[in-house]
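In: dropping the sequence and predicted coords here.
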Amino acid sequence: MSASQDQSAGEAEVIADRVLAFLRGHGPAGVEGRTLDKVLGWDYGDLERVHDYIQWLFPIDEPSRSHPKTAPMLTPRAVAAARADPLILKNVGRGLEVFLRFLGLEWVEERGGARRVSRRRGEDGFEARSKVAWRVNAVRVGNHNWMRVSRVLKCLRLLGMQAELEAVYSRLERLWARGRIPAFASETKTTEMWRACAGDPWKRPMPKHGSSWGVTHTLSKYAAVLGCQAPRQVGEAPGGARTGPEEVGKPEAA
């Protein structure tokens with residue numbers, strides 16, 4: 001390794017350590033005073049308007065598409081350190097909870113302690129937040145929050161937070177199947193990116209936009225909870241196959 005390469009590698013480790021310090025609550029996110037607790041306390045306006053915090057809250061090991069020269073990256077050593085640090089994983093989880101609320105989503109606890117991601121109701125619920133967080137407002141990317149979602153999925157996968165990853169991706173599938181995410185996300189290849197960033201957890205394509213697949217699976221899930229027979233309605237599963245509700249797969253109920 002040349003002297004310049006050695007220096008570059010050293011600088012990368014220094015930057016990665018700053019990210020780890022931020023996620024432990026011990027340092028700023030690139031801007032003096034921008035601590036973890038301060039970012040997590042921002043209102044929706046700040047979370048939407050500020051564009052260079054998400055790379056610190058959900059770090060990955062590759063350059064940012066939006067801020068390639070300034071966004072930090074995790075090195076292999078830093079990834080291993082983050083995965084082994086309960087405090088960092090807890091704080092990434094705190095960041096995820098805040099970001100989900102920003103998107104109009106929330107964690108819901110089910111029987112047995114399992115959690116799923118659900119749409120929020122009320123004045124700051126999914127329908128209200130869609131105007132900012134999901135609606136198409138940019139020709140090239142649709143909505144910059146779609147790209148943020150890609151980063152979140154990639155970060156969760158990188159840090160081994162599989163349960164959180166699957167819960168978030170399942171909700172994205174359901175929102176897409178029910179037509180609650182604009183169809184333009186397919187034209188921008190966003191849904192393909194989400195699937196890739198999540199590591200293709202179900203090993204299948206996203207369901208068709210606006211299909212009845214999500215509704216059919218929900219009926220099956222509620223029937224199982226109530227202990228009764230699910231309707232034998234035929235729904236359209238991901239990839240276009242025709243299948244009964246009991247065969248659809250893993251996504252959780254609405």
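Out: Cool, the structure landed.
In: make it CA atoms for all contacts and neighbour counts henceforth
Out: Will do.
In: mind checking pLDDT for Lys203?
Out: Listed pLDDT for Lys203 reads 93.
In: actually, Ala230.
Out: At Ala230, the model reports a pLDDT of 51.
In: next: Thr190.
Out: pLDDT, Thr190: 96.
In: please report the distance of it from Asp43.
Out: Counting by Cα to Cα, to the nearest Å, the gap from Thr190 to Asp43 is 26 Å.
In: could you report the neighbour count for Gly45?
Out: The number of residues packed near Gly45 is 10, by other Cα atoms under 10 Å.
In: ok, and what's touching the helix or strand that contains it?
Out: Under the criterion of DSSP states H and E, Gly45 resides in helix 44-49. Outside helix 44-49, the residues that touch it by Cα atoms under 8 Å, 6 or more residues apart in numbering are Phe102.
In: and it, which residues are buried?
Out: Using 16 or more other Cα atoms under 10 Å as the test for burial, helix 44-49 gives Tyr44, Leu47.
In: quick one: which of Thr190 and Asp43 has more around it?
Out: Thr190 (19 against 11).
In: need the contact list for that one.
Out: By Cα under 8 Å, 6+ apart, the contact list for Thr190 reads Trp146, Met147.
In: try the one 4 residues further on
Out: Shown here is Trp194, whose contacts under the criterion Cα under 8 Å, 6+ apart are Val149, Ser150, Leu153, Tyr169.
In: mind doing that once more with 10 Å?
Out: 146-147, 149-154, 169, 172-173, 200, 206 (Cα atoms under 10 Å, 6 or more residues apart in numbering).
In: of those residues, which is the nearest to Trp134?
Out: Trp146 (7.3 Å; Cα to Cα).
In: pLDDT value on the closest one, please?
Out: 97.
In: surely it forms part of a helix?
Out: Yes - the assignment for Trp146 (DSSP: H, G, I helix; E, B strand; the rest coil) places it in a helix.
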